[in-house]
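Student: Here's a sequence, model it:
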Amino acid sequence: MVSNSLMRIVAPCWGPSREGEDSGKGGDVTGRVDGLLWYKDSGRHVNGEFSMAVIQANTVLEDHSRLDSGPLSSLDSGPQGTFVGIYDGHGGPEASRFVNERLFDNLKKFTSENQGMSEDVITKAFLATEEEFLSLVRKQWLSKPQIASAGTCCLVGIICSGLLYIANVVDSRVVLGRLERAFREVKAVQLSSEHNANFESVRKELRRLHPNDPQIVVLKHKVWRVKGIIQV
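Tutor: Residues are numbered from 1 along each chain as shown. Predicted structure coming up:
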């Protein structure tokens, strides 16, 4: 079980979110703006307190995120918990916006069907969301060709029934801050691995999935990139 004190350490990495019913009770509801920094000092969710912040790096903000606290399924008897999703978009905001809108709903759907949270439920939610976006691209790419070049990293954390689930696609990273009381310091603990073309295992996987494309991974300016364009 992740303690409330550790949750307060991890939470500042969370970006602007669509908050659940319990997350806005008490504390700063709307957040504050300081130049390109947006932050929220304190809020509540079913597992304790949280804070969050985001810094805008691009002229067009391609990233999206959300925090939902409460029911994790469509059933009244379903599990309660906290969902955090961080979506680092690239090539435009279309993919990250779509995942932000659809992934949590798909998670609740499969949680209901399986009557509980599990690794399999999260995997099904990711695959269903990906297929929905690909279907959208197939329908719109003639009128909106830019949508075909949009993508997103996807990083999800779920606290449910005393367990912390982590799911990661592409190269975002989950880091847990663990308080070392004896040394009075916070130790960073990496909880996820990046899916990045700089890793040999990822390059091998890409070549296996695309055997007829000799340019699927290209070394460009001493950095491995997919199609010579992007690392992820």
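Student: Every contact and neighbour count from this point should use C-alpha atoms.
Tutor: Noted.
Student: same question for stretch 215-229, mean pLDDT?
Tutor: Average pLDDT, stretch 215-229: 86.
Student: Ends of it, what's the gap?
Tutor: 11 Å (CA to CA, to the nearest Å).
Student: For the remainder of this discussion, apply numbering that starts at 24.
Tutor: Taking 24 as the first residue, the last one we looked at is stretch 238-252.
Student: quick one: buried residues of that stretch?
Tutor: For stretch 238-252, the neighbour count (16 or more other CA atoms under 10 Å) marks 239-241, 247-249 as buried.
Student: before we move on, what about stretch 82-91?
Tutor: 85-91.
Student: And residue 195, which helix or strand is it part of?
Tutor: Here residue 195, judged by DSSP states H and E, is contained in no helix and no strand.
Student: Just the pLDDT for it.
Tutor: 86.
Student: For it, the count of nearby residues, please.
Tutor: By other CA atoms under 10 Å, the residues close to residue 195 number 20.
Student: now residue 220
Tutor: For residue 220, the count of nearby residues is 24 (other CA under 10 Å).
Student: thought it was touching residue 251?
Tutor: No: using CA atoms under 8 Å, residue 220 makes no contact with residue 251, being 10.3 Å away.
Student: what's the overlap in contacts for these two?
Tutor: residue 240 (CA atoms under 8 Å, 6 or more residues apart in numbering).
Student: for the chain, what spans make up the strands?
Tutor: With strands called from DSSP state E, the chain shows them at 55-57, 60-68, 71-78, 87-94, 103-110, 112-113, 174-175, 177-183, 186-192, 198-203, 208-213, 240-243, 246-249.
Student: got CSV for the ones you listed, with distance to residue 164 too?
Tutor: Formatted as CSV, those follow (distance: least, CA to CA, whole Å):
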stretch, distance to residue 164
strand 55-57, 36
strand 60-68, 33
strand 71-78, 31
strand 87-94, 22
strand 103-110, 22
strand 112-113, 17
strand 174-175, 14
strand 177-183, 22
strand 186-192, 23
strand 198-203, 36
strand 208-213, 38
strand 240-243, 24
strand 246-249, 21
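Student: Quick check: the gap between the spatially most central residue of the chain and residue 193.
Tutor: Taking CA atoms, centre = their mean, the centroid of the chain lies closest to residue 178, which sits 2.5 Å from it. Relative to residue 193, residue 178 is positioned 8 Å away (CA to CA).
Student: Then residue 242?
Tutor: 18 Å.
Student: Ok, residue 137 next?
Tutor: The value you get for residue 137 to residue 193, if CA to CA is used, is 27 Å.
Student: Can you list the low-confidence ranges for the chain?
Tutor: 24-53, 65, 68, 70, 254-255 (pLDDT under 70).
Student: Recalculate using a threshold of 50.
Tutor: For the chain, the stretches with pLDDT under 50 are 24-50.
Student: and the closest residue in space to residue 56 that isn't next to it in sequence, bridged to which residues?
Tutor: Nearest residue to residue 56 in three dimensions, chain neighbours excluded: residue 62, at 6.6 Å (CA to CA, 6 or more residues apart in numbering). Assessed by DSSP bridges, residue 62 has beta-bridge partners residue 55, residue 76.
Student: Near residue 62, how many residues? Count them for me, please.
Tutor: Using other CA under 10 Å, residue 62 has 21 other residues around it.
Student: One more: the one 5 residues further on?
Tutor: A count of nearby residues for residue 67, using other CA under 10 Å, gives 21.
Student: Repeat that for residue 158.
Tutor: Neighbour count for residue 158, taken as other CA under 10 Å: 11.
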